[in-house]
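Novice: Build the 3D model from these lines:
(one chain, ligands or ions: 1)
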Amino acid sequence: MSHLLEVKDLSMRFGGLLAVDGVQLAIKPKEIFAIIGPNGAGKTTVFNCISGFYKPTTGVITLEGASIAGLGSHSVAQRGVVRTFQNVRLFKSMTALENLLVAQHSRTSKSVLGGLFNTKGYRASERLAVENAMKWLHFMGIAEFANREAGNLAYGHQRRLEIARCMITQPKLLMLDEPAAGLNPQEKVELQHLIDRLRAEFDVTVLLIEHDMGLVMGVSERILCMEYGKPIAMGTPEEVRNNERVIKAYLGEA
Ligand SMILES: Nc1ncnc2c1ncn2[C@@H]1O[C@H](COP(=O)(O)OP(=O)(O)OP(=O)(O)O)[C@@H](O)[C@H]1O
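Specialist: Below you'll find the model as predicted:
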């Protein structure tokens, strides 16, 4: 089966530090794939390389066979690779609804003149954008907060809004950077169901970084474990959980 995303021989150097060293991974369409590893292992750096925030020092990154390495975050997002951040990044003084309208803006504002003169076509596309945004707020269970400033939403709701902001662009690959961080146990269970539903209903492929082993083991089909920038194990949750190098990497951290 052909892969959606392939990463080969990826490395990233910051001055004297080789933060990522020889990472390989290949993710199938509709797969849920996790990267784990102790603090400082290089997980976020891999994410930043894939999502175009960093230009890798070496390596190949392809999406559906086409290179995306070093394109920049905007171009990578336009090709269907979108992400959330460890510390939620929303337009905090805009409402939840407005955050989702901004995310759709490149598709709704086809004509600047249409916007200036408020033409019929422009108004119709704006109405569709609002309907679509409300659909996503309902899906995420936060529709009642549509007109609340994003910065005033509960933390768990901000995380959901950030995922909605990604999904509204109809991505091929959804990248979640520690989505369970700051969530309570109930919210973590709900997050797992949400990720499963996103894949089942929207055919999205998911790549996540996560420290919460309950979520990782429950939601992922395959896992890559990194330590000191290097890949040390790859396999099913069962295989990775029982891998001696993985166990040592985590026990060594304690
Ligand atoms: N922009 C940067 N400049 C210099 N060093 C960096 C930069 N980004 C990351 N590093 C270093 O690279 C290494 C890997 O960091 P990275 O954030 O990728 O790890 P991580 O596995 O995501 O860790 P955590 O789980 O704590 O988020 C660390 O030693 C970090 O200090």
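Novice: Residues of the stretch 1-150 of the chain that sit close to the ligand?
Specialist: Applying C-beta under 6 Å from any ligand atom, one finds that the stretch 1-150 of the chain approaches the ligand through 14, 17, 19, 37, 39-45. The C-beta positions use only the backbone N, C-alpha and C, and glycine is treated the same way.
Novice: Tell me which of the residues you listed fall in strands.
Specialist: Among those, DSSP state E puts 14, 17, 19 in strands.
Novice: For those residues, pick the one with the most neighbours.
Specialist: residue 19 (21 neighbours; other C-beta atoms under 10 Å).
Novice: just the helices in the stretch 101-250 of the chain please.
Specialist: 112-116, 120-139, 155-167, 185-202, 213-219, 237-241, 244-253 (DSSP state H, counting those that start in this stretch).
Novice: Show the secondary-structure elements that the fourth one is packed against.
Specialist: Using 3 or more C-beta pairs under 8 Å, 6 or more residues apart in numbering; DSSP states H and E as the contact test, the elements touching helix 185-202 are helix 155-167, strand 205-209, helix 213-219.
Novice: Please spell out which residues along it are buried.
Specialist: Neighbour counts over helix 185-202 (16 or more other C-beta atoms under 10 Å) mark 187-188, 191-192, 194-195, 198-199 as buried.
Novice: nearest to residue 158, of these?
Specialist: Residue 158 has its nearest neighbour among the buried residues of helix 185-202 in residue 187, at 11.5 Å by C-beta to C-beta.
Novice: separation between that closest one and residue 6?
Specialist: To residue 6, residue 187 is 33 Å away according to C-beta to C-beta, to the nearest Å.
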